[in-house]
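[1] sequence isn't available, so here's the structure alone:
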């Protein structure tokens, strides 16, 4: 895993966040009757956790965790709207933008480059 630790930790964190979106969005369909989806969700979950672990080796853990969960939350909300037909209201959009603002703020003021 040393190759993973040699990568830019912010890039690793973003990719881990995207895997977070994948498993969080797919968990709705996990079950014995859908083994491939269940396997994909498990792989995405594992990849997400490994990426978070790798990023925390060089970034502050609080910042990394908040960014990781923020990417997951925003991505899952977007998938919910685009794929699952969840409501796309102005209030939800503002809340999603507030999460994005928090992620950007944590990146800008984390003190880690």
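    All right, it came through fine. A quick note: this is a predicted structure, and the numbers were derived from the prediction, not measured.
[2] got the phi and psi for the most centrally placed residue in the chain?
    The centroid of the chain falls nearest to residue 17 when counting by C-alpha atoms, centre = their mean (2.4 Å). The phi/psi pair for residue 17 (degrees, to the nearest 10) reads phi -60, psi -40.
[3] do you know how far it is from residue 99?
    Distance of residue 17 to residue 99, given as C-beta to C-beta, to the nearest Å: 12 Å. For glycine as for every other residue, the C-beta is placed from the backbone atoms N, C-alpha and C.
[4] which neighbours do these two share?
    residue 70 (C-beta atoms under 8 Å, 6 or more residues apart in numbering).
[5] helices of this protein, start to end?
    All helices of the chain, identified by DSSP state H, fall at 2-5, 9-26, 35-56, 61-82, 90-108.
[6] take the ones you listed and write them to JSON lines, including mean pLDDT.
    Listed next are the helices of the chain as JSON lines, based on pLDDT from 0 to 100:
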{"stretch": "helix 2-5", "mean pLDDT": "92"}
{"stretch": "helix 9-26", "mean pLDDT": "96"}
{"stretch": "helix 35-56", "mean pLDDT": "96"}
{"stretch": "helix 61-82", "mean pLDDT": "94"}
{"stretch": "helix 90-108", "mean pLDDT": "92"}
